[in-house]
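Q: only the shape, not the letters, is given here:
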């Protein structure tokens, strides 16, 4: 597919190429990945200024998002990738594999720096992309302390929420871009220069607040190496942004999925309790339900007892939540009760939509994550004041439910661009449901047809 950048994307691409140190503070849905990949391709193959690129990303993003984005477009599909993930043996093998771009999850940044410094005695990457820069906001974290040791010729920091909780967060993020050139060499200097104590006791200061002119001064300081774009200002797309977020299952979990798909029989062991059960599905409709369950991370037995088989979607939701926390509230839709229970357990601050008080609190911005079943948020319910991001944890093949649920945020009075994100387990029936939703033609019969088609091609799946 040919990539024709929107004007704002072309502006951002030029900024990355021109500035060795740059922060792209772009809203979700504006195309941070393809902007960065386009710049990398130009710097690597046209200008010959870059040889090896490191991308640091959240785990689920590192597993699939960057490689899949590159494959979409004619000009980036020839970029080669090596995923520095998994066990130490697997990571070392990936580092030794020739590639243009190496992708690592942020939890392994300290390991990578230690290995390069102590074993290789050099830093082999001349460009580093930090996907979700705000995850490095803690100046005391191991990942920040490790990466700050490295002098990197080119750095690109990507985030839509550079100061979600406080302007104090900005220091560590900007330090990784310019090594303290603009906001100071130390956190304490930055804090004392731009902030004053807010709450304190005789012995201790508990918090700080910005000085009256801090925002203006900080913005001016970093303006030459940052680009900030809001979706409502730049997006030249339909009103709603639809976004499939790929979720990779581990090989053993995908094998279990395929056994159910092919044999309609599965032996499972709950990863939390260790309990074992035999799961059967005798009809095609039942198979689809079982496959949707496994894609989400659990499966019911004949007594409706859920067995947890993986946490891939929970981890993906956690990464989205961390990126948006303090900046945007999330409306999360689920289909199965087991998913609801798992989400409420994993996110104690989440609340289940149950009554009018929940609606009022959501619209007042008091609920960071509101959990709802699509059938429970029918016609006329107004939720548009509380947020603008919808996460479909588990997809529905009912177009009516899907559209009506999304309309709870996308309705008169909404002041933000609505983002509809689907968590899509790769190589599962989730992909078929997503296609049908995009095509506005999903029915149970259509899914049965897809299931039959997939059954015929089981032996040709990529591993």
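A: Arrived safely. These numbers come from a predicted model, not from an experiment.
Q: all the strands of the stretch 101-250 of the chain, residue numbers only.
A: Assigned by DSSP state E, counting those that start in this stretch, the stretch 101-250 of the chain shows strands spanning 101-105, 127-131, 154-159, 195-200, 205-210, 226-229, 241-247.
Q: dump those strands into TSV; add mean neighbour count, mean pLDDT and distance to residue 216 as well.
A: Every residue, glycine included, has its C-beta placed from N, CA and C. Shown next, in TSV, are the strands of the stretch 101-250 of the chain (neighbours: other CB atoms under 10 Å; pLDDT from 0 to 100; distance: least, CB to CB, whole Å):
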stretch	mean neighbour count	mean pLDDT	distance to residue 216
strand 101-105	23	97	36
strand 127-131	24	97	26
strand 154-159	24	95	21
strand 195-200	12	81	14
strand 205-210	13	79	10
strand 226-229	18	86	14
strand 241-247	19	90	31
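Q: dump those strands into CSV; add distance to residue 95 as well.
A: Below are these laid out as CSV (distance: least, CB to CB, whole Å):
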stretch, distance to residue 95
strand 101-105, 7
strand 127-131, 14
strand 154-159, 19
strand 195-200, 40
strand 205-210, 40
strand 226-229, 31
strand 241-247, 24
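Q: out of those strands, which gets nearest to residue 438?
A: Closest approach to residue 438 among the strands of the stretch 101-250 of the chain (CB to CB): strand 241-247, 7.0 Å.
Q: name the helices or strands packed onto the helix or strand following that closest one?
A: Sequence order places helix 251-263 as the next helix or strand after strand 241-247, per DSSP states H and E. Under the contact definition 3 or more CB pairs under 8 Å, 6 or more residues apart in numbering; DSSP states H and E, helix 251-263 sits against strand 265-269, helix 284-296, helix 444-456.
Q: please tell me how far the closest residue to residue 294 other than its chain neighbours sits from residue 147.
A: Closest residue to residue 294 apart from its sequence neighbours, by CB to CB, 6 or more residues apart in numbering: residue 257 at 4.8 Å. For residue 257, the distance to residue 147 equals 36 Å [CB to CB, to the nearest Å].
Q: and residue 23, what element?
A: Judged by DSSP H and E, residue 23 forms part of strand 21-26.
Q: for that strand, what is the average pLDDT?
A: The average of the pLDDT scores along strand 21-26 is 92.
Q: give me the low-pLDDT residue ranges for the stretch 151-300 of the chain?
A: 164-165, 200-203, 205, 231-239, 263-285 (pLDDT under 70).
Q: at 50 instead, please
A: For the stretch 151-300 of the chain, applying pLDDT under 50 flags the ranges 236-238.
Q: ok, back up a step: strands paired with the strand holding residue 23, and their directions?
A: With DSSP bridges as the test, strand 21-26 is paired with strand 154-159 (parallel), strand 226-229 (parallel).
Q: got the angle between that strand and strand 127-131?
A: 30 degrees (axes from the mean of the first three to the mean of the last three CA atoms, to 10 degrees).
Q: which other residues reach strand 21-26?
A: With contacts defined as CB atoms under 8 Å, 6 or more residues apart in numbering, strand 21-26 is touched by 12, 15-16, 32, 35-36, 133, 154-160, 162, 173-174, 177-178, 222, 225-229.
Q: check which element follows that strand along the chain.
A: Next in line after strand 21-26, if elements are assigned by DSSP H and E, sits helix 32-41.
Q: now what about that next one, what contacts it?
A: Contacts to helix 32-41, defined as CB under 8 Å, 6+ apart, come from residues 3, 5, 9, 12-13, 16-17, 24, 26, 50, 53, 65-66, 69-70, 72-73, 75-76, 79, 100-101, 127, 129, 131, 156, 158, 160.
Q: what's the angle from it to strand 101-105?
A: Angle, helix 32-41 to strand 101-105, by the same axes, to 10 degrees: 140 degrees.
Q: could you measure from the residue nearest to residue 340 when sequence neighbours are not counted over to residue 432?
A: In space, and not counting its chain neighbours, residue 340 is closest to residue 334: 5.0 Å by CB to CB, 6+ apart. Residue 334 is 19 Å from residue 432, where distance means CB to CB.
Q: repeat for residue 354
A: Going from residue 354 to residue 432 by CB to CB gives 32 Å.
Q: so those two - more neighbours on which side?
A: The neighbour count for residue 354 versus residue 432, taken as other CB atoms under 10 Å, is higher for residue 432 (22 against 11).
Q: tell me which residues of whichever helix or strand that one is part of come out buried.
A: According to DSSP H and E, residue 432 maps onto helix 429-439. Within helix 429-439, the residues that count as buried by 16 or more other CB atoms under 10 Å are 429-434, 436-437.
Q: so for that helix, mean pLDDT?
A: 81.
Q: specify the beta-bridge partners of residue 131.
A: Taking DSSP bridges as the rule, residue 131 bridges to residue 158.
Q: go ahead and confirm residue 72 touches residue 31.
A: No. The criterion here is CB atoms under 8 Å, and residue 72 misses it with residue 31 at 11.0 Å.
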